[in-house]
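**Student:** got a predicted structure here, sequence first:
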Amino acid sequence: MHKNWPVTQLPKNAAPGKRPGLRVGLMFLLGAGMLCVPVLAAQAPGAKPVAARATAQVKDTAAADYVGTETCATCHEEVVKGFANNPHTKLALEHSKNGVTCEGCHGAGKGHVEGGGDITKIFDPAKATPKEVNANCLGCHASAHPNFSRSPHAKAGVSCISCHSVHKSITPQFLLKASEPALCFQCHSDVKPAFNMPFHHPVNEGVVKCNDCHDVHGTFSNSNLKVTADQNLICTKCHTDVRGPFVYEHAPVKAEGCLSCHSPHGSQNPRMLNMPNVNVLCNQCHSQVAADTVHGMSAGSTDSVPCTSCHTYIHGSNMQPAFLR
């Protein structure tokens, strides 16, 4: 029979005190305790563990390199004075005034001060690469803009300070260098003429802003378009009359979206359509021959009667699969 009984269970009729497993366990614990004695003796009473002391030393060394905003103000008085109205000030006042300060962005200033203002001893965004600037800003703003690194702006070498001015900004919100859309048009001059078309979104008028539709810090969609579960929501959040849902949905609306028929920035055509003639637009998907056969019309008559004269609810209908009025 098996003689090695568990420590907590003795065999039947076993003699009291005979627990070989228990004796082995006690001997192991005794040996381990003897090995720990020298280590415990070497550490003075009340002393921090070795790892904790090392971490504290690193923190103390780093803290000693920071000189404080008051020291920065001795040379940069105007900048520090104007910083009182900066959104970052709220963060600077947090955590017993140990939040975001000058050195929160520019790095520890001890070497810069001791070097008599040596600019090589401080981080200057104006002289840094876009990648370095972005990494510095995203150190705090990464959670708000997690997709910036994959955005077209980042890939084109556009840095945060290309659009934002931390010390001096034109707008009180977002610290922009210029107001929208002027700021965007500095680079996107190819889009600017569209907003002068006879039919356009009122961007120049200040009713609609570029960031109403685009997330300039990057998305998973083309052209930095804001991403939603229903991509048409970018348009239908304003154009609620065509939002739906509808019992009978027009396939292009769901498949290709609003841009299959409309130019989003501006157009010379009513309703910002891609084509000047409604029938030509419809016939891109609906063959002219098929349309003439179904409606029993001649080719000439279909040109004079717009499709939407009958198919009024072209975005979708709750009554007619043919979107009839």
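**Tutor:** On my side now, so go ahead.

**Student:** what about the stretch 151-300 of the chain, any weak spots by pLDDT?
**Tutor:** Within the stretch 151-300 of the chain, the segments meeting pLDDT under 70 span 288-300.

**Student:** what's in contact with the host helix or strand of V113?
**Tutor:** Here V113, judged by DSSP states H and E, is contained in helix 110-114. For helix 110-114, the surrounding residues in contact (C-beta atoms under 8 Å, 6 or more residues apart in numbering) are 64-67, 71, 118-119, 121-122. Every C-beta, even on glycine, is put in place using the N, C-alpha and C of the backbone.

**Student:** and the strands in this structure?
**Tutor:** 199-200, 248-249, 266-267, 316-317 (DSSP state E).

**Student:** chain center to the last one: distance?
**Tutor:** When you say that, I think you mean strand 316-317. Mean C-alpha position of strand 316-317 versus that of the full chain (C-alpha atoms, centre = their mean, to the nearest Å) differs by 35 Å.

**Student:** drop anything exposed from the contacts of helix 110-114.
**Tutor:** The neighbour count (16 or more other C-beta atoms under 10 Å) marks 66-67, 71, 121-122 as buried among the contacts of helix 110-114.

**Student:** could you dump those residues into JSON lines and include pLDDT?
**Tutor:** Formatted as JSON lines, the buried ones among the contacts of helix 110-114 follow (pLDDT from 0 to 100):
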{"residue": "Y66", "pLDDT": "88"}
{"residue": "V67", "pLDDT": "90"}
{"residue": "T71", "pLDDT": "92"}
{"residue": "K121", "pLDDT": "94"}
{"residue": "I122", "pLDDT": "95"}
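
**Student:** picking up where we left off before, which two in the contacts of helix 110-114 are spaced the farthest apart?
**Tutor:** A64 and I119 (21.5 Å; C-beta to C-beta).

**Student:** quick one: residues in contact with stretch 228-247.
**Tutor:** By C-beta under 8 Å, 6+ apart, stretch 228-247 touches 213, 221, 225-226, 253-254, 257-258, 262, 264, 315-319.

**Student:** repeat that with 10 Å
**Tutor:** Under the criterion C-beta atoms under 10 Å, 6 or more residues apart in numbering, residues 201, 207-208, 212-214, 221, 225-227, 250, 253-254, 256-259, 262, 264, 313-321, 323 lie in contact with stretch 228-247.

**Student:** follow-up on the earlier one: out of the strands of the chain, flag the one nearest S149.
**Tutor:** Comparing those by C-beta to C-beta, strand 266-267 comes nearest, at 31.4 Å.

**Student:** for the stretch 1-150 of the chain, which spans come out with low pLDDT?
**Tutor:** For the stretch 1-150 of the chain, the stretches with pLDDT under 70 are 1-62, 91-100.

**Student:** how about the helices of it, start to end?
**Tutor:** 20-42, 50-64, 69-73, 77-82, 88-92, 94-97, 102-106, 110-114, 130-141 (DSSP state H, counting those that start in this stretch).

**Student:** and if you look at the stretch 201-325 of the chain?
**Tutor:** 233-236, 251-255, 278-282, 288-295, 299-304.

**Student:** return the distance of the first one from the chain's centre.
**Tutor:** Relative to its parent chain, helix 233-236 has a centroid offset of 20 Å by C-alpha atoms, centre = their mean.

**Student:** buried ones in that helix?
**Tutor:** Buried, per 16+ other C-beta under 10 Å, within helix 233-236: 234-236.

**Student:** closest to P87 out of those residues?
**Tutor:** The shortest approach to P87 among those belongs to I234, at 27.4 Å (C-beta to C-beta).

**Student:** on that earlier part again, same list (the buried ones among the contacts of helix 110-114) but as TSV, adding distance to G139.
**Tutor:** TSV is the format used below for these (distance: C-beta to C-beta, whole Å):
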residue	distance to G139
Y66	16
V67	20
T71	22
K121	19
I122	16
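
**Student:** report the separation between G82 and N232.
**Tutor:** Counting by C-beta to C-beta, to the nearest Å, the gap from G82 to N232 is 44 Å.

**Student:** residues contacting the residue nearest to P130 when sequence neighbours are not counted?
**Tutor:** Using C-beta to C-beta, 6 or more residues apart in numbering and skipping the chain neighbours, the partner closest in space to P130 is S159 (3.6 Å). Each residue near S159 by C-beta under 10 Å, 6+ apart is listed here: 125, 128-137, 153.
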